[in-house]
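Enquirer: got a predicted structure plus its sequence, pasted below:
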Protein chains: 2
Amino acid sequence: SGVACAADTTIPSAAVKTAEQLRDKAMHDDTGYRIVTSLTEIGPRLAGSPADQRGVDWAVAEFKALGFDKVYTEPVTYPKWVRRSEHGAIVSPFPQRLVLTALGYSPGTPKGGLTAQIVRFEGLDALKAANPAAIKGKIVFVDYRMHRYKDGHDYGVGSPIRVEGPVIAQAKGAAGYLLRTVGTDPHSRTPNTGVTGFRDQTKTIPAAAVSNPDADQLERALATGKPVTVRLDLDCGIEGQYTGANVIGEITGAKHPDQVVAIGGHLDSWDPGTGAIDDGAGVAIAMAAGKLIHDLPQRPDRTIRVIAFANEEMGLWGGRAYAEKHAGDVRKFQLGTESDFGAGQVWRMSASVKPEARGAIEQIAKVLSPIGVAYDAKRPGGGGSDLSQMHGKGMAALSLTQDGTNYFDWHHTAADTLDKIDPKDMAQNVAVYAAFSYMAAQADGDFGSAPGAFANDGAGD
Amino acid sequence: SGVACAADTTIPSAAVKTAEQLRDKAMHDDTGYRIVTSLTEIGPRLAGSPADQRGVDWAVAEFKALGFDKVYTEPVTYPKWVRRSEHGAIVSPFPQRLVLTALGYSPGTPKGGLTAQIVRFEGLDALKAANPAAIKGKIVFVDYRMHRYKDGHDYGVGSPIRVEGPVIAQAKGAAGYLLRTVGTDPHSRTPNTGVTGFRDQTKTIPAAAVSNPDADQLERALATGKPVTVRLDLDCGIEGQYTGANVIGEITGAKHPDQVVAIGGHLDSWDPGTGAIDDGAGVAIAMAAGKLIHDLPQRPDRTIRVIAFANEEMGLWGGRAYAEKHAGDVRKFQLGTESDFGAGQVWRMSASVKPEARGAIEQIAKVLSPIGVAYDAKRPGGGGSDLSQMHGKGMAALSLTQDGTNYFDWHHTAADTLDKIDPKDMAQNVAVYAAFSYMAAQADGDFGSAPGAFANDGAGD
Ligand SMILES: [Zn+2]
Ligand SMILES: [Zn+2]
Ligand SMILES: [Zn+2]
Ligand SMILES: [Zn+2]
């Protein structure tokens, strides 16, 4: 916060004042909670499913009902994966049902199921180091127990076990892949699904997650010292291509309609729950923030663009399609970030912007500080999940980190339902998004978006 | 604790000392936890299922392995209810999956499912008061939300909604019955099953429990003011009769082998979980208590009889069969009680005994007090679930109340698995059962068991 010079981006004091009013109003506003309630009534929105299309229709209608100035869709094409049924059991040394869930892009098992001995690994490194002879024809079981953290950093260990693990196991000749659920509830019997890294459909093996109590049971079976045989019976797989849509609503800027502040969430969700925290909340937070700005007496200077992304879950398909399409316009993206870590309160902000815009970021931080957001000037801002792709193209971006202590208790499980969302936490999120978006839209100057900017900020690590 | 007279039952000081040693040893012993671990490896033991027979075989083998002097079975015959599949959905006003579980003795729905409008009641009284015209052809939905209490007393409200509710609804012409799960976890998606009160197989309707988040969803659907239509698709029902077994192990008394202290649990369990807290724990607590008494240098004066009951879950079939068979010998039952409320620590003891045995009960209470058991002299002792039936015939009985704060989070759900049991809590339970059983076995005098004794003690209320 040194002395401002001509090249510095600053936020006019009138805009700061309006942002403070927006923030305070949002803290007592239930628009976000009402939107996510409505969205969960669609049910789970597995990409490519009938409910995916219902979700798209819902988003178009909801943007219009909220009074957004412009509502449109952009197509997103991806392989359609379907889940029909899934069963599992310990066959020996003692017969027992296993509660499991197939992972995204997993193929089905042969008719009658796949029965094989399991071979356990403590984590991904052990699997990587393993001799293929110890794996060939067996079902690999990676048994890493995830713990709760406010920043959810243990997902950094768990996620690769789900994404990369099956690919590594397949390459070493495994017949199938099981993992202890990438989830932090040690007691629930609702395992976390999620995508694998299978890209080549000729190199896949059936892959599933067992709940924590079921993984405990597998450990006890292994502790007997006898061979442990498991049967997987998965009916799932890829059924051709599907074209869905990113759904976009805009509050059109009064001065610079072609310059946009980009916020959003993803519209698709995994199928066991109703996609409340992942990511109904994110869509609702961004929509509600746009709605609150819409309700101001005047339109903001720049456009507020709210994007409800398609198929984030199976590999950022919506985000990647969006970035492909709009990379050439990256300079028009004033600042952006996406909400995709549940509905817990935002407690930390960081930014990847040009040095001359640090003062404006500090101005934003000052407005967000009273509602519990600490500014970390040392961390990059990655833009969230899908918008990480625009950030990769050079969009200036924030990270607005939510409290994820319990996020992985419910993430990608049947328990991802509306009751997990506290309306007050939702309101705080909306306050954060409304205030920052408005300030960015009113800034004198930009935040440094340009092709290839921020390529080495470390946000993707 | 007045002055003892000739008619008073007392426990010799040597026996008190041995009981204290038993208690202290048990507090650091893992026999109970090891037994329940082994039992859960059988998996769920739904009465009449193949795993029920595996459970009986397990119990016979386990009693023998533990060194019990006498091991035998007694037949128990009951209708065999089977669950094949269960699905549910909201059809309108918004389509949505419902996570539900069929209730015991529920019939299946017709092929293609049962689709009907739901009509909501806040509780059983409202249902009882309802005009049949408002119910006829509809699916009754009783929407009572159960809360957590240490003594689990809200089950006194919830349980009749599950047992009596379907019978009342059927009598009023309902097409089906749904209830908000009789469970206290507001967030889990694993509903609690349990038995209904259907006795007459010609007067039944499909009956199921939805999880708390699904009941919330039904409430939101109803709040729209539009008719709410639900589809139930249950494949379940009664398939003839089955004869299972109570499994009994004894440590034979040295002086009075025909006089018994009766303790136990029930061997059957509901099918979604593995029957760890309900009631693997109870079986294990009683078996371990017997084993610790077995390991003393001498046999106790009276016999310690450990009973693993058949089919408690669908209506005390094992307990009723046992009481029918042994009612004539009720005077031989020195004292008894069953453990069937999970694995939380025992925090309260009460007793139904003859007045002359109150001093002996106080002696027992004094030994249990250092491990957290408070004696409530005003409450009756009901003998637990199955053994309530012998108490009804006149057996002197204790109630040993466990901490059930979280019991109904997991009771009769898929989450009833071994991880819910704390080995230290198990050890405390074993300490309580071993110490009281031994003291009762060594008492000079009896506790008042006689035909018809304690008929009006209020234990059955
Ligand atoms: Zn997400
Ligand atoms: Zn996700
Ligand atoms: Zn029970
Ligand atoms: Zn039970």
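Expert: Received it, and whenever you're ready, just let me know what you need. Numbers count the residues shown, from 1 in each chain, chains lettered A, B, ... in the order given. Ligands and ions are numbered 1, 2, ... in the order given.
Enquirer: so what touches stretch A:319-332?
Expert: A:74-77, A:246, A:258-260, A:266, A:307, A:309-310, A:312, A:333, A:385-390, A:392-395, A:446, A:449-451 (Cβ atoms under 8 Å, 6 or more residues apart in numbering or on different chains). The C-beta positions use only the backbone N, C-alpha and C, and glycine is treated the same way.
Enquirer: start to end distance for that stretch?
Expert: One end of stretch A:319-332 sits 17 Å from the other (Cα to Cα, to the nearest Å).
Enquirer: which residues touch the closest residue to ligand 1 within the stretch 301-450 of chain A?
Expert: As assessed by Cβ to the ion, ligand 1 sits closest to A:D340 within the stretch 301-450 of chain A, at 4.2 Å. By Cβ under 8 Å, 6+ apart, the contact set of A:D340 is A:265-266, A:278-279, A:282, A:312, A:384-386.
Enquirer: okay, it: pLDDT?
Expert: A:D340 carries a pLDDT value of 98.
Enquirer: cool, and the one 3 residues further on?
Expert: At A:A343 the predicted local distance difference test score is 98.
Enquirer: pretty sure it sits in a helix.
Expert: No. Counting by DSSP: H, G, I helix; E, B strand; the rest coil, A:A343 is not found in a helix; it is coil.
Enquirer: near it, how many other residues are there?
Expert: Using other Cβ atoms under 10 Å in any protein chain shown, A:A343 has 30 other residues around it.
Enquirer: now do the strands in chain A.
Expert: A:70-92, A:96-98, A:100-102, A:114-121, A:139-142, A:176-180, A:207-210, A:229-251, A:256-266, A:302-309, A:333-338, A:346-352, A:374-375, A:397-402 (DSSP state E).
Enquirer: just send these back as a markdown table, with distance to B:L46 too.
Expert: Listed next are the strands of chain A as a markdown table, based on distance: least, Cβ to Cβ, whole Å:
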| stretch | distance to B:L46 |
| --- | --- |
| strand A:70-92 | 15 |
| strand A:96-98 | 12 |
| strand A:100-102 | 20 |
| strand A:114-121 | 24 |
| strand A:139-142 | 27 |
| strand A:176-180 | 26 |
| strand A:207-210 | 22 |
| strand A:229-251 | 20 |
| strand A:256-266 | 41 |
| strand A:302-309 | 45 |
| strand A:333-338 | 47 |
| strand A:346-352 | 47 |
| strand A:374-375 | 53 |
| strand A:397-402 | 42 |
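Enquirer: can you add distance to B:A7 and mean neighbour count and give these back as a markdown table?
Expert: Below are those laid out as a markdown table (distance: least, Cβ to Cβ, whole Å; neighbours: other Cβ atoms under 10 Å in any protein chain shown):
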| stretch | distance to B:A7 | mean neighbour count |
| --- | --- | --- |
| strand A:70-92 | 58 | 17 |
| strand A:96-98 | 54 | 21 |
| strand A:100-102 | 63 | 26 |
| strand A:114-121 | 64 | 19 |
| strand A:139-142 | 65 | 26 |
| strand A:176-180 | 62 | 28 |
| strand A:207-210 | 61 | 28 |
| strand A:229-251 | 64 | 21 |
| strand A:256-266 | 78 | 24 |
| strand A:302-309 | 82 | 29 |
| strand A:333-338 | 81 | 30 |
| strand A:346-352 | 71 | 23 |
| strand A:374-375 | 75 | 15 |
| strand A:397-402 | 71 | 26 |
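Enquirer: spatially nearest residue to the residue nearest the centre of chain A, not counting backbone neighbours?
Expert: By Cα atoms, centre = their mean, chain A has its centre lying nearest to A:D340, at 4.1 Å. Computed as Cβ to Cβ, 6 or more residues apart in numbering or on different chains, the closest residue to A:D340 that is not its neighbour in sequence is A:S385, at 4.3 Å.
Enquirer: what residues are up against that neighbour?
Expert: Each residue near A:S385 by Cβ under 8 Å, 6+ apart is listed here: A:266, A:309, A:312, A:316, A:319, A:338, A:340.
Enquirer: distance of it relative to ligand 3?
Expert: Per Cβ to the ion, to the nearest Å, A:S385 is found 45 Å from ligand 3.
Enquirer: quick one on the thing from earlier: mind putting the strands of chain A into a markdown table with distance to chain B?
Expert: Shown next, in a markdown table, are those (distance: least, Cβ to the nearest Cβ, whole Å):
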| stretch | distance to chain B |
| --- | --- |
| strand A:70-92 | 9 |
| strand A:96-98 | 4 |
| strand A:100-102 | 12 |
| strand A:114-121 | 16 |
| strand A:139-142 | 18 |
| strand A:176-180 | 13 |
| strand A:207-210 | 12 |
| strand A:229-251 | 14 |
| strand A:256-266 | 20 |
| strand A:302-309 | 18 |
| strand A:333-338 | 26 |
| strand A:346-352 | 22 |
| strand A:374-375 | 29 |
| strand A:397-402 | 18 |
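Enquirer: mind checking the ones you listed for the one nearest to B:C236?
Expert: strand A:96-98 (16.8 Å; Cβ to Cβ).
Enquirer: so which of the contacts of A:D340 belong to helices?
Expert: A:G282 (DSSP state H).
Enquirer: which among the contacts of A:D340 gets closest to A:P213?
Expert: Nearest to A:P213 among the contacts of A:D340, with distances taken as Cβ to Cβ, is A:D278, at 22.3 Å.
Enquirer: who's in contact with that closest one?
Expert: Residues in contact with A:D278, defined by Cβ under 8 Å, 6+ apart, are A:269-270, A:340, A:342, A:411-412, A:416.
Enquirer: what sits against the closest residue in space to A:F341 that isn't next to it in sequence?
Expert: Distances taken as Cβ to Cβ, 6+ apart place A:Q402 nearest to A:F341, at 4.5 Å, with adjacent residues excluded. By Cβ under 8 Å, 6+ apart, the residues touching A:Q402 are A:339, A:341-347, A:429.
Enquirer: with A:D30 instead?
Expert: With Cβ under 8 Å, 6+ apart, A:D30 has these contacts: A:423, A:426-427.
Enquirer: out of those, which is most surrounded?
Expert: Busiest of the contacts of A:D30 [other Cβ under 10 Å] is A:M426, holding 27 neighbours.
Enquirer: that's all I had, so thanks and see you.
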